[in-house]
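*Asks:* Sequence and predicted model, in that order:
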Amino acid sequence: MLDDWTVQELPTVVLVVDQDVLQRMEEGAELRREGFHVVEAATVTEAITLLQSRAVDIVLSQLDLEGSETLRDWVHYRRPSTAIVLGHETE
């Protein structure tokens, strides 16, 4: 009977793009504690490769990351339902 089924909500998938590994790990750990599913990338190229292979709800990236405009444009045109936040701070 369908009424007995419960639908579990899937966690929001967040891609953290940060060239500083410690910063990226810290931010990823905090997001995981908040219940998000986190994937990480060190570069724009790595981020785009991940975006091509999986669904991501939110991209968090450093504003000063080399190629951040390319990442923003790629997400805007190829994944319009994905939110992108440039210039995030973890402190």
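*Replies:* That came in fine, so what should we check first?
*Asks:* right, and the helix or strand after the lengthiest helix in the chain?
*Replies:* Looking across the chain with DSSP state H, the single longest helix is helix 21-33. Counting by DSSP states H and E, the next helix or strand C-terminal to helix 21-33 is strand 37-41.
*Asks:* okay, the angle between the helix or strand just after that following strand and strand 37-41?
*Replies:* Sequence order places helix 44-53 as the next helix or strand after strand 37-41, per DSSP H and E. The directions of helix 44-53 and strand 37-41 differ by 140 degrees, with axes from the mean of the first three to the mean of the last three Cα atoms, to 10 degrees as the criterion.
*Asks:* what comes into contact with stretch 31-40?
*Replies:* 10-18, 24-25, 28, 50, 54, 56 (Cβ atoms under 8 Å, 6 or more residues apart in numbering). In short, each C-beta sits where N, CA and C put it, glycine included.
*Asks:* Around Ser53, how many other residues sit close by?
*Replies:* 8 (other Cβ atoms under 10 Å).
*Asks:* Need the residue closest to the centroid of this protein.
*Replies:* In the chain, the centroid-proximal residue (Cα atoms, centre = their mean) is Leu15; its distance is 1.7 Å.
*Asks:* That one belongs to a strand?
*Replies:* Yes. Assessed by DSSP: H, G, I helix; E, B strand; the rest coil, Leu15 belongs to a strand.
*Asks:* ok, it - contacts?
*Replies:* Contacts of Leu15 by Cβ under 8 Å, 6+ apart are 38-41, 47, 50-51, 56, 58-60.
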